[in-house]
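Participant: here's my sequence, what's the structure:
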Amino acid sequence: MTAAIGVVTFPGSLDDGDACRAAYLAGARVLRLWHADPDLHGVDAVVLPGGFSYGDYLRCGAIARFSPVMESIIDAAKGGMPVLGICNGFQVLCEAHLLPGALTRNSHLHFRNRDQLLRVESTGTAWTSSFEPGQQILIPVKNGEGRYVADQATLDKLDAEGLVVARYVDGNPNGSQRSIAAIRNPAGNVVGIMPHPEHAVEALTGPSTDGLGFFSSVLRHLAAYERVTTS
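Facilitator: Below you'll find the predicted structure:
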């Protein structure tokens with residue numbers, strides 16, 4: 001059976017439809033998950049989309065972290081379910097302590113919206129196995145609070161253990177420390193990325209189709225897992 005990817009909608013989400021389309025174009029069955037419903041409805045992977053969950057009140061992602069669906073996602077992620085957080089979803093993952101560090105106001109205090117070149121640093125995740133190490137990809141970035149920060153010990157650990165998934169190339173749009181655009185957990189099933197791969201899946205509307213690799217990667221990961229568990 002085709003793997004099912006669930007896309008969460010929070011109050012204030014605005015890229016959930018784009019994430020659904022990206023997953024569909026990659027070949028997944030797509031289920032919409034509602035923030036107030038703790039039931040994950042049997043999905044095999046989850047995408048936390050971009051937007052302004054709960055209006056970004058208090059802190060970006062801080063309220064969404066306590067929504068009923070997130071309690072289930074946190075448990076599922078700890079059990080190995082692939083979870084991808086995009087932009088606001090990355091902020092939610094950090095607030096939920098599934099990923100370290102935090103996303104803060106851009107260092108220049110301006111919103112940035114542009115096509116951004118990234119270098120893929122880690123392909124050993126459920127979401128990046130379709131890429132080559134060092135591959136450069138072009139996907140849009142759009143954020144006002146996208147600056148990744150962490151204490152030096154955490155930054156050193158991310159570098160030493162290969163937990164940086166992607167870095168900005170040809171300019172750092174938000175002042176992220178060490179040009180970090182995306183990180184992963186040690187198991188590789190949880191990835192947070194500030195730029196928007198779901199906006200780079202069709203040549204007609206995106207700057208490239210590079211973003212589709214994130215969604216095809218997780219389908220390949222899930223297919224391999226199914227073969228192992230059923231053999």
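
Participant: please make it C-alpha for all contacts and neighbour counts, starting now.
Facilitator: Noted.

Participant: helix, strand, or coil at the residue most central in space within the chain?
Facilitator: Centrality entry for the chain: nearest residue to the mean C-alpha point is Gly85, 2.9 Å, by C-alpha atoms, centre = their mean. Reduced to three states with DSSP: H, G, I helix; E, B strand; the rest coil, the structure at Gly85 is strand.

Participant: tell me the contacts of it?
Facilitator: When the contact criterion is C-alpha atoms under 8 Å, 6 or more residues apart in numbering, the partners of Gly85 are 47-50, 91-93, 190-193.

Participant: could you dump these to JSON lines with secondary structure and distance to Leu163?
Facilitator: Formatted as JSON lines, these follow (DSSP: H, G, I helix; E, B strand; the rest coil; distance: C-alpha to C-alpha, whole Å):
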{"residue": "Val47", "secondary structure": "strand", "distance to Leu163": "19"}
{"residue": "Leu48", "secondary structure": "strand", "distance to Leu163": "19"}
{"residue": "Pro49", "secondary structure": "coil", "distance to Leu163": "21"}
{"residue": "Gly50", "secondary structure": "coil", "distance to Leu163": "22"}
{"residue": "Gln91", "secondary structure": "helix", "distance to Leu163": "17"}
{"residue": "Val92", "secondary structure": "helix", "distance to Leu163": "18"}
{"residue": "Leu93", "secondary structure": "helix", "distance to Leu163": "15"}
{"residue": "Val190", "secondary structure": "strand", "distance to Leu163": "11"}
{"residue": "Val191", "secondary structure": "strand", "distance to Leu163": "9"}
{"residue": "Gly192", "secondary structure": "strand", "distance to Leu163": "11"}
{"residue": "Ile193", "secondary structure": "strand", "distance to Leu163": "12"}
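
Participant: now the residues you listed in JSON lines, with pLDDT and neighbour count?
Facilitator: Below are those laid out as JSON lines (pLDDT from 0 to 100; neighbours: other C-alpha atoms under 10 Å):
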{"residue": "Val47", "pLDDT": "98", "neighbour count": "25"}
{"residue": "Leu48", "pLDDT": "98", "neighbour count": "29"}
{"residue": "Pro49", "pLDDT": "98", "neighbour count": "29"}
{"residue": "Gly50", "pLDDT": "97", "neighbour count": "30"}
{"residue": "Gln91", "pLDDT": "98", "neighbour count": "32"}
{"residue": "Val92", "pLDDT": "98", "neighbour count": "30"}
{"residue": "Leu93", "pLDDT": "98", "neighbour count": "29"}
{"residue": "Val190", "pLDDT": "98", "neighbour count": "26"}
{"residue": "Val191", "pLDDT": "98", "neighbour count": "29"}
{"residue": "Gly192", "pLDDT": "98", "neighbour count": "30"}
{"residue": "Ile193", "pLDDT": "98", "neighbour count": "24"}
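
Participant: would CSV of these with distance to Val30 be doable?
Facilitator: Below are the contacts of Gly85 laid out as CSV (distance: C-alpha to C-alpha, whole Å):
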residue, distance to Val30
Val47, 10
Leu48, 13
Pro49, 14
Gly50, 17
Gln91, 23
Val92, 21
Leu93, 21
Val190, 19
Val191, 19
Gly192, 20
Ile193, 20
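
Participant: no further queries at this time; thank you.
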